[in-house]
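Q: What would the 3D arrangement of this be:
(2 chains)
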Amino acid sequence: MTIPFPKGTLDVLVLKALMWGPMHGFELSRWLDDRSAEAFALNEAAIYQALYRLEARRLVAAVWGLSEQGKRARYYSLTASGKAQLRQQTADWRKYATVVSAILDAKPA
Amino acid sequence: MSRFRRLFRLQRSVQDEVNFELQHHLELSTERLIAEGLPPEAAHTEAMRRLGAHDEAAQRLYAAARERERRIRWIDRFDTAYAEARYVLRGFRRQRALTALIVLTLALGIGANASIFPIADRLLFRIPPGLSQPDELHRVYARYQRDSGEGVQAGFNFVEYTEMHQALGGRAPLALHWPVSFRIDGDTAVADRVQGAYISANYFSVLGVPMARGRYFAPDEDDPPNPRYVAIISHDLWQNRFGGDQRIVGRKMTVGSREYEVIGVVAKSFSGIDIAPTHVWTPTATQGLFTTKGPWWESRSGGGWNVISRVRGDPDILERDLANALGEGRRLAGSRPRQYTVEFGSIIEGRGPTAPTEARMIATRLMGVSIVLLLVALANVTNLLLAREAKREREIAVRRALGVSRGRLVATFLTEAVVLAGLAALVATAFSAALSGVVRSLLLPTVNWNPPVVDMRAILFTGVLGVACAIAAGLVCAARVIRSGGTLFTGAGQRGAGARRPWLSNSLLGAQAALSAVLLIGAALFVVSLDRMRNADLGYDIERTGWISPESGDIGAQAALQQLALSLAGRADVEGVALSTHPPLRVSIKNQTFINGSDSSVANSRLPDLAGVSPGFFEMMRLAIVRGRSFTADDRRGAEWVAIVNEEAARALWPGQIAIGQCVRIGARTNPCYTVVGVAENARRFAIVESPVPQLWVPLEQADAELGTIGALVVRARLDVVPTLTPLAEEYAQLTGSRTPPRVRTYAEWMDPQLREWRLGAKLFGAVSLLALTLAVVGLYSVLSASVAHRSGEIGIRLALGATANSVVRLILAQGLRVVAIGIAIGLVGAAASSKLIASLLYGVSARSPMVYGAVALTLLVAAAVAALIPARRAGRVDPTRVMRGD
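A: Okay, the predicted model is just below:
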C-alpha cells in the first residue's frame, strides 16, 4: 500500500540519491523506489521538477553524457553547496522526526 | 541574429531538451516494465502513467526548465562580472602609479566641471530660493526700436511705473526693486558695505516671501512725498550683525547717512532675487540715488527701477496693455514717440536680455572653458589607457589565444572604464566640493550661494559625466587593441619592433596641446587686459586719491569744506587738495549749453559734462592742459568768466576751429559768456572703459547756481590716502554740527569693482589653463615614456648600429615636440578664429595679439620639452646588449 508523498521532502531525497555519484532522471527514480520499497506514490515528472529546481539553485549540476546503453542522457551530480544543503536538511529532518515522534508517543499524564 | 529570434531559439532548445529527457525516461521505464512481463503496449501505457506525462505536466516541466535556464544565466553573468571586476582590480594593483594617474586626471576634468556646473546653474538656471510659486514671477522688460537698432529697457522711471500700474488695473501686481550698495551703521572711508535694495511696499507680498520677524512695509511707509525711514533686513544680517537680537524689531540702524528703524526680518530661505545676496531693503520713497528738478516721483528722469510682476494666466494681453501704456505716456509727455513691446522675462536675473555682463561672462564662458578642460583630461586619460594597454599586450594576446572572445575583452575594458570612472567620480566629488568653495570665494564672492551649491544635482552630474567619459575612453582603447588583435609576443626579444604608427596617441597629444594653447591664450589676454586696465590713462591720476562730499542740504557745508581744504594743504602727508562742485568720476551734471551765439542749445549728444573746480585742480588731478592755460587764483568772481574744455568738447563743439577764445553760455542763452582759455586732455567720466565725452570746467567762484557750489573736496596723499581721509568725516561733523556723516571714498574703491570682471577672467582662465597645461605635460610624458618602453628594441638596435645616446635623445625629443608643435599651431589658428568670442571682453589688447600668441607658443614648447626630456634621456640610456638578449 502506498502512502502519499510528504510535501517538501522530495528535494532532500533527490540530494541524498545523488550522494553516491551522478545519475540520470530514470536511475534516480529507480533508486528512490528501491530505497522506499515503492511505498511512496510518486509522480515521476515531479522528480524532474525537483532536479530543475535544485539545478537553478546550484545545488545540483547537469551535463549531457552517454548512458550505459550508449544513449544520450542528462546526468545530475551534487555540487559542494548541494552537499552542504543535504547535511543541513538531514539534520533538520532528524530533529523534526524526533520531536514529532516524541509528541505522538506521549501518554496522558 | 535578433534578440527575439535568439530568445525564441533558446526557448525551443530548452523545450527540446526537456522532451528528449522525458522520452529517454519513458523508453527506459517501458523496457523495464516489458522485462517484468508486461506486453509492450501495456508497458508503454503504464510507463506514461507513472511519469505523469500529460500536457499539463509537460507545460509545468517546460516552465520549470525555462526558469532554471533564466536563473543560471543571471548567476553566470554575475559570476563573470565579479570575476572581471577582480581581474580588473588585480590589474590596477599591478600598475598602481599609472592607475592613480588615470583616476586623478579624470577626476580633475570631472571635478572641474562638477564644481563649475553648479555655479553656472546658480547663475543661469536656478530660481532664487524662498519665493512662492516662482514660475508666476517675472521681470518686466520693454523693447523698442531706435535709430541705432533695438533698445531693451530693464529699468523704468517712476512715472512709467505708475502708468503701467494703472494700465493693469489690478490684474497683475507690479512691484519695484532697485539694487543698491548700502553703507550701514555709519562706517567711514573703508566702509562696511552690504547689498541692499529700494523696494515698493508690495514687494515681499508679490514675491510671496514670509517674514521671520516683524512685518512688511505698509503702503503709507512708501509714500514718496513723505518718506518713512524704515528697513527690513535679511536673516543673515540679523544673526551676524545684530547677534540674533530678539528685540530686533524697532531697533535702529544707520543706512547711508540716516537712521532707520528695523521693522522686519525676512525668512532665512530668502536672500534677494539678484545674484548678489541682499541684506537691507528700504522703501522706494527713501531712495537717495538721484535728484531731479522737481519731485522725482513725477519726473521721467531717474529711470532705473526694475519692475517685478506676478502673472497668472495669459500674459499676452497684459504685455500688450503695458506696451500701449508706455507708448501713450511718452506721447502725452511730448517725447519722441516709441513703439514698445513688453515682455515678461524670467525672474532669474542672469537670463534677462540685460543681464549683467559679469554674470553672462561667467556663466557661459565658464561652461565652455570647463568643457575644454574636460576634453583635455579625456584626451589625456585615453592616452594613459592606451599606454596601459600597450603594457598588457602580451596578456591580451594570451587571452585571445585561449579563446576569450572579443566581446569578452570589450566587456573587460568597459568594466575597467566603469571602475576607473567610479573611483574618479568619488575623488571628483570630494575635489569639487573643495574647488567649488575656492572658485566661489575667489572668483565670485558677491554671488548668492544660499542654498549651498554642492548638492544632489551636482553629484549626479559628476557621476554621469564620469561614467560617460571613462566609457568613451575605454571604448576607444578597446577598439584599438581589439582591432590590432593584440600583438603576439615573439620569442626573439623584439618587443613591438616596428609597431603600428601611434597615430591615435599623437592625435590626442596634439589635441591636448591645441586646447591648452587656446586656454593659455585666453588667460594671457585677460591678464594683459587687466594690466592695461589697471594702468589705463584715465586723464585724471587717481593714485592715492580720495574725496569727501557731504549730503545735500547741510548748512555750512561749503565753509566746512573750504576750511578742511585749508587745513589739509601744506600737511606733510598731503600732496595736493582741490575743491569742486562734485567728486570727479562719480557724478555727471549737464545743462543747456549755447555756443557760437546760437539761440538753441547744442544737441544732447554733444552736451558737455559740467563742473566747477578750484584753482590747482588740474595740477592736483594731473589732468594735462594741452593748449592755453589752467585756472589761477585770479579767476574769481568779478573777473572775466573763463572755462576750460577737454579735447573731445573742442572737437565736438568747434570742429576744425580753435577752441581757445570761444564763448560758451550755460543754462540760458542770455547768461554771461564763459571764454575758453584752455583745452585739457580727455578725462573719464564714470568708468575705465568709456568713450571720450565732452567736458567743461569753470572756476568754482564763477560757477553759478545752475552748476552748484562747493560740493566735494578731493585730496591726494603722499602715501596712503585712507588714514588721511578717515578723520575728515569727524572733522566735518565738528565744523558743521551735522548729524548726517558725509560720503568719504577713495578712488581705489571706485576702480576696484570695474576691474573685477577682468580679474575674474584672468583668474578663471589662468587657473583652468594651468590645469590643462599640467594635464598636457603629464600626457606627453606618459605617452613618450610608453613609447620609449615599447620601442626599446628599436632603440637598442640603433645604438648597437652606432647611434649616439644624444642622437637618440634628440630623436625622442623631436618626436614629442613635433606633435606638440602641430597641436600648438592648430590651437593658435583656433584661438584666432574664435577671437570674436572674447574680443569684446578685452581691454587695450587685440584678441589676436602676436605678442601673446608668441609667448604662449613658446611657453608650451618649453613645457613640452621639459616633459619630453626625461623619457628621452631614459631612451639614451637603453643598454643595447640587454635589449638584444631579450631582457
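
Q: how much space is there between B:L728 and chain A?
A: 90 Å (CB to the nearest CB, to the nearest Å). Where C-beta positions appear, they are placed from N, C-alpha and C, glycine not excepted.

Q: Around B:E701, count how many other residues there are.
A: 17 (other CB atoms under 10 Å in any protein chain shown).

Q: so it sits right up against B:D635, yeah?
A: Yes - under the criterion of CB atoms under 8 Å, B:E701 makes contact with B:D635 at 7.2 Å.

Q: ok, residue 71 - contacts?
A: As the question left the chain open, I've gone with chain A. B:H24, B:E27 (CB atoms under 8 Å, 6 or more residues apart in numbering or on different chains).

Q: Sorry, I should have been clearer: chain B.
A: Neighbouring residues of B:R71 by CB under 8 Å, 6+ apart: A:A56, A:R57.

Q: and B:A379, what helix or strand is that in?
A: Taking DSSP states H and E as the criterion, B:A379 maps to helix B:366-391.

Q: now swap in B:H177 and tell me
A: Secondary structure assigned from DSSP H and E places B:H177 in strand B:174-183.

Q: Next, the angle from the helix or strand just after that strand to strand B:174-183.
A: With elements assigned by DSSP H and E, the helix or strand that comes after strand B:174-183 is strand B:193-199. Taking axes from the mean of the first three to the mean of the last three CA atoms, to 10 degrees, one finds strand B:193-199 and strand B:174-183 inclined to each other by 160 degrees.

Q: Pairing partners for strand B:193-199, with directions?
A: Using DSSP bridges, strand B:193-199 pairs in its sheet with strand B:174-183 (antiparallel), strand B:280-283 (parallel).

Q: If you count neighbours, what's buried in that strand?
A: Within strand B:193-199, the residues that count as buried by 16 or more other CB atoms under 10 Å in any protein chain shown are B:V194, B:Q195, B:G196, B:A197, B:Y198, B:I199.

Q: got CSV for the strands paired with strand B:193-199, with distance to B:S691 and mean neighbour count too?
A: Formatted as CSV, the strands paired with strand B:193-199 follow (distance: least, CB to CB, whole Å; neighbours: other CB atoms under 10 Å in any protein chain shown):
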stretch, distance to B:S691, mean neighbour count
strand B:174-183, 25, 20
strand B:280-283, 35, 25
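
Q: ok, of these, where does mean pLDDT dip lowest?
A: Note on the strands paired with strand B:193-199: strand B:174-183 shows the lowest mean pLDDT, a mean of 88.

Q: any idea of the pLDDT on the residue nearest to B:A639 when sequence neighbours are not counted?
A: Spatial nearest neighbour of B:A639, chain neighbours left out: B:Q702 (7.8 Å); criterion: CB to CB, 6 or more residues apart in numbering or on different chains. In this model, B:Q702 is scored at 88, pLDDT.

Q: residues contacting B:Q702?
A: Contacts of B:Q702 (CB under 8 Å, 6+ apart): B:G612, B:D635, B:R636, B:R637, B:A639, B:W641, B:V642, B:Y674.

Q: Enumerate every residue touching the closest residue to the second one other than its chain neighbours.
A: Which is B:D635. Leaving out its chain neighbours, the residue that sits closest to B:D635 by CB to CB, 6+ apart is B:P699, at 4.1 Å. B:P699 makes contact with B:G612, B:V613, B:S614, B:P615, B:F631, B:D635, B:R636, B:V642, according to CB under 8 Å, 6+ apart.

Q: and which of those residues is nearest to B:V88?
A: Nearest to B:V88 among the contacts of B:P699: B:V613, at 77.4 Å, using CB to CB.

Q: Kindly state the beta-bridge partners for that closest one.
A: B:S580, B:P699.

Q: Could you check how far it is from B:A401?
A: Distance, B:V613 to B:A401, using CB to CB, to the nearest Å: 92 Å.

Q: Those two: which is more packed in?
A: Neighbour count, other CB under 10 Å: between B:V613 and B:A401, B:V613 has more, with 27 against 10.

Q: got a list of what that one touches?
A: B:A578, B:L579, B:S580, B:T581, B:F631, B:W697, B:V698, B:P699, B:L700.

Q: In those, which residue is surrounded by the most others?
A: Of the contacts of B:V613, with other CB under 10 Å as the count, B:W697 tops at 30 neighbours.

Q: how about the longest helix along chain A: buried residues?
A: Secondary structure assigned by DSSP state H gives helix A:80-104 as the longest helix of chain A. Buried residues in helix A:80-104, counted by 16+ other CB under 10 Å: A:G82, A:Q85, A:L86, A:Q89.

Q: Show me the strands in chain A, by range?
A: Taking DSSP state E to define them, one finds strands in chain A at A:23-24, A:60-66, A:72-78.

Q: what's next to the shortest one, contact-wise?
A: Residues external to strand A:23-24 that are found in contact with it (CB under 8 Å, 6+ apart): A:A17, A:W31, A:S67, A:A73, A:R74, A:Y75, A:Y76, B:E21, B:H24.

Q: now the last one
A: Contacts of strand A:72-78 with the rest of the structure, by CB under 8 Å, 6+ apart, involve A:15, A:18-19, A:21-25, A:28, A:51, A:54-55, A:59-67, A:86, B:17, B:20-21, B:24.

Q: between that strand and strand A:60-66, how big is the angle?
A: 150 degrees.

Q: Direction included, what does strand A:72-78 pair up with?
A: Strand A:72-78 is paired, per DSSP bridges, with strand A:23-24 (antiparallel), strand A:60-66 (antiparallel).

Q: List the buried residues of the last one.
A: When burial is assessed from 16+ other CB under 10 Å, strand A:60-66 yields the following buried residues: A:V60, A:A61, A:A62.

Q: Show me what the helix or strand containing B:G823 packs onto, helices and strands only.
A: Following DSSP H and E, one finds B:G823 within helix B:805-833. The contact analysis (3 or more CB pairs under 8 Å, 6 or more residues apart in numbering or on different chains; DSSP states H and E) places helix B:805-833 against helix B:503-534, helix B:747-790, helix B:792-800, helix B:850-876.

Q: With mean pLDDT, distance to chain A and mean neighbour count as extra columns, can I get those helices in TSV?
A: As requested, the helices and strands packed on helix B:805-833 are exported to TSV (pLDDT from 0 to 100; distance: least, CB to the nearest CB, whole Å; neighbours: other CB atoms under 10 Å in any protein chain shown):
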stretch	mean pLDDT	distance to chain A	mean neighbour count
helix B:503-534	87	44	23
helix B:747-790	80	43	21
helix B:792-800	86	47	20
helix B:850-876	91	51	18
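
Q: wait, what's in contact with B:I34?
A: Here B:I34 is in contact with B:P40, B:A43 (criterion: CB under 8 Å, 6+ apart).

Q: Show me what the mean pLDDT comes to for the helix or strand hosting it.
A: Assigned by DSSP H and E, B:I34 belongs to helix B:3-35. Computed over helix B:3-35, the mean pLDDT rounds to 81.

Q: Could you list the low-confidence segments of the stretch 201-350 of chain B?
A: For the stretch 201-350 of chain B, the stretches with pLDDT under 70 are B:275, B:291-293, B:350.

Q: Would you format the strands of chain A as TSV with distance to B:G155 and mean pLDDT included?
A: Shown next, in TSV, are the strands of chain A (distance: least, CB to CB, whole Å; pLDDT from 0 to 100):
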stretch	distance to B:G155	mean pLDDT
strand A:23-24	91	93
strand A:60-66	81	92
strand A:72-78	85	93
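
Q: Of those, which is nearest B:T726?
A: By CB to CB (comparing all of these), the closest turns out to be strand A:60-66, at 90.2 Å.

Q: Now do that closest one against helix A:80-104, angle only.
A: Going by the same axes, to 10 degrees, strand A:60-66 makes 120 degrees with helix A:80-104.

Q: ok, and what's touching strand A:60-66?
A: For strand A:60-66, the surrounding residues in contact (CB under 8 Å, 6+ apart) are A:14-15, A:18, A:22, A:51, A:54-55, A:72-79, A:82.

Q: The same query, at a cut-off of 7 Å, please.
A: A:18, A:51, A:54-55, A:72-79, A:82 (CB atoms under 7 Å, 6 or more residues apart in numbering or on different chains).

Q: what's the farthest-apart pair in those?
A: Maximum pairwise distance among those (CB to CB): 23.6 Å, between A:R72 and A:G82.
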